[in-house]
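> Turn this into a model:
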Amino acid sequence: MKFTDTLTEIVKADLEVGAVPALMGEPGIGKSSFVEDLAKSMDTKAFTVACNQLADKADLTGARLVPYEHNGETKYKQMFYPHQVIQDAIDYADANPREWPILFLDEINRSTSDVTSAALSLPTLRQIGSAKLPENLRIMVAGNDKGNVTMLDEASISRFSIYHVEPDAQTLIAILGANLNPHVHAVLTRFPGLVFQKGASSSIMVDGTDDDEDLTATYADILDSGEEMLQLTTPRTIDSISRWLNAVPQTKLNEYLQTPVSKDGRDITLLDEIIEAHIGHTEFATQLVSEIANGITSGAAAQVQTLSAPKPNCFASLKDAKTVTDLENIISGLTDHEKSGSLLYAIFERADNKVIIEQLAQQTAALEGDHNRLLVLLASGSQLDDQNVQALFGTSTPVADSTKLVLSAFMA
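Numbers count the residues shown, from 1 in each chain. Next comes the predicted model:
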């Protein structure tokens, strides 16, 4: 299954009912980015534990002696404490009971068997050491289904919703957004099938029309590639070359393009060599150099993105309030983050939210930083509801004044 809006919808439904989605696929294809983007779309946070960086299960839940009093005597007992990231997730979930923050166990089966076993106890027992997971803390896992991995037994597998995932060019474009280099954007748009490829060692890349050559990469290909360490084209390495191209002046790119070099018996340019260092000797690299050489501009390659404001879980209760007093009481019980996110969504939604906006504005000091930045993007794309914006301005509150200042550049 590809990383698309459909997968997002399916996984959100899993999280809503308390299921544990497991994203299984090759390294570097965007599993971590998917989870981070998913959390943002839910207006919450994702807390990532990189299981492959843990040496043994003691790194996941460490033990220490704790003093306690018994019959006037000081004694000691051993207690187990969670990994810092897990404790941060627990603390955040406790502080935001109406959100569904995500505890993401990444690379769960690319570690030692005891680390994998300990990590699997989180979705099964919903406890780590002496700490229990809050009911609203959701869990997701990701792993690799090929290569040198710890295989999961049937009992463990049965506890997950397992999705074998693969990268999707359009999703990568959406995730990288305005930070995506226009040349890279152009290649992804024209050749979406090149988003994941293995590198060639010495054969000359042509125009890529030979359907008989399978360039699809697997992690096992890297392990079995002999003495060569071949770079891959993956969403991760595409992001890397995109950021590099954004940092290098056009004059330098032209200079590198005019500098001949020899590599593996091939007469290429210095730009070829640099790009291949980032994304491998693949057809994507060939097409990217061609795009740069043809002088594709950012304006020609840009793609307008459709943005939306995330809908907080608590927003449904605001809409269901029967009276203004009920609405005031509900808002008074929200966290500052929920108030800020609800106000942003209220002025974004194409609906009459005047009463909700008026009451939120009375109890919201200001929009949070992330919500303010999204507000500007939505305003620049004319995606805010004008009547709701005017309803906010009509409250003459501090949050209305600060929002009006932020949006002044987009107002006639």
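> going forward, measure contacts between C-alpha atoms and count neighbours the same way
Fine.
> Next one: residue 291 from residue 167, what distance?
Going from residue 291 to residue 167 by Cα to Cα, to the nearest Å gives 22 Å.
> Neighbour count for those two, which is higher?
residue 167 (23 against 17; other Cα atoms under 10 Å).
> contacting residues around that one?
2-3, 29-30, 195-196, 235 (Cα atoms under 8 Å, 6 or more residues apart in numbering).
> Name the member of the residues you listed with the most neighbours.
residue 196 (28 neighbours).
> Name the SS class of residue 75, please.
For residue 75, the assignment made with DSSP: H, G, I helix; E, B strand; the rest coil gives strand.
> One more: residue 262?
strand.
> Do me a favour and average the pLDDT over stretch 291-308.
Across stretch 291-308, the average pLDDT comes to 58.
> Endpoints of it, how far apart?
Its start and end residues considered, stretch 291-308 measures 31 Å (Cα to Cα).
> just stretch 327-337 next, same as before
Taking Cα to Cα, stretch 327-337 runs 17 Å from one end to the other.
> List the contacts of that stretch.
96, 317-318, 321, 339, 356, 359-360, 363-364, 368.
> how does it look with 7 Å?
Applying Cα atoms under 7 Å, 6 or more residues apart in numbering, the external contacts of stretch 327-337 come out as 96, 318, 321, 359-360.
> for it, which positions count as buried?
Neighbour counts over stretch 327-337 (16 or more other Cα atoms under 10 Å) mark 327-328, 331, 334, 336-337 as buried.
> Can you give me the distance of the residue lying closest to residue 257 once chain neighbours are set aside to residue 288?
Spatial nearest neighbour of residue 257, excluding adjacent residues (Cα to Cα, 6 or more residues apart in numbering): residue 271 at 5.1 Å. For residue 271, the distance to residue 288 (Cα to Cα) stands at 10 Å.
> Comparing the two, which shows the higher neighbour count?
Taking neighbours as other Cα under 10 Å, residue 271 and residue 288 compare with residue 271 leading, 23 against 20.
> Test my guess that that one contacts residue 255.
No: with contact defined as Cα atoms under 7 Å, residue 271 does not count as touching residue 255 (8.5 Å).
> what is in contact with the two at once?
By Cα under 7 Å, 6+ apart, no residue touches both residue 271 and residue 255.
> ok, of the buried residues of stretch 327-337, which one's closest to residue 7?
residue 337 (26.5 Å; Cα to Cα).
> Quick check: that closest one is in a strand.
No: counting by three-state DSSP, residue 337 is not part of a strand but helix.
> Measure how buried residue 117 is and give me the count.
17.
> Also residue 370?
12.
> where does it fall, phi/psi-wise?
Dihedral pair for residue 370: phi -60, psi -40, per degrees, to the nearest 10.
> For residue 337, see how far away it is.
Following Cα to Cα, the distance that separates residue 370 from residue 337 is 10 Å.
> which residues touch residue 46?
36, 39, 101-104.
> So which of the residues you listed belong to helices?
When DSSP state H defines the helices, the subset of these inside them is 36, 39.
> Can you lay out the contacts of residue 46 as JSON lines showing neighbour count, pLDDT and distance to residue 230?
Shown next, in JSON lines, are those (neighbours: other Cα atoms under 10 Å; pLDDT from 0 to 100; distance: Cα to Cα, whole Å):
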{"residue": "36", "neighbour count": "19", "pLDDT": "91", "distance to residue 230": "28"}
{"residue": "39", "neighbour count": "19", "pLDDT": "94", "distance to residue 230": "33"}
{"residue": "101", "neighbour count": "25", "pLDDT": "96", "distance to residue 230": "37"}
{"residue": "102", "neighbour count": "25", "pLDDT": "96", "distance to residue 230": "34"}
{"residue": "103", "neighbour count": "26", "pLDDT": "95", "distance to residue 230": "33"}
{"residue": "104", "neighbour count": "26", "pLDDT": "95", "distance to residue 230": "29"}
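> Among the contacts of residue 46, which one lies nearest to residue 374?
Checking these against residue 374 by Cα to Cα gives residue 39 as the nearest, at 14.9 Å.
> Against residue 144, how distant is the closest one?
Distance from residue 39 to residue 144, by Cα to Cα: 22 Å.
> quick one: the strands in the stretch 51-200 of the chain?
61-70, 73-82, 102-106, 127-128, 131-132, 138-143, 161-164, 197-198 (DSSP state E, counting those that start in this stretch).
> how about these in a markdown table, adding distance to residue 239?
Shown next, in a markdown table, are the strands of the stretch 51-200 of the chain (distance: least, Cα to Cα, whole Å):
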| stretch | distance to residue 239 |
| --- | --- |
| strand 61-70 | 33 |
| strand 73-82 | 33 |
| strand 102-106 | 19 |
| strand 127-128 | 35 |
| strand 131-132 | 37 |
| strand 138-143 | 20 |
| strand 161-164 | 22 |
| strand 197-198 | 14 |
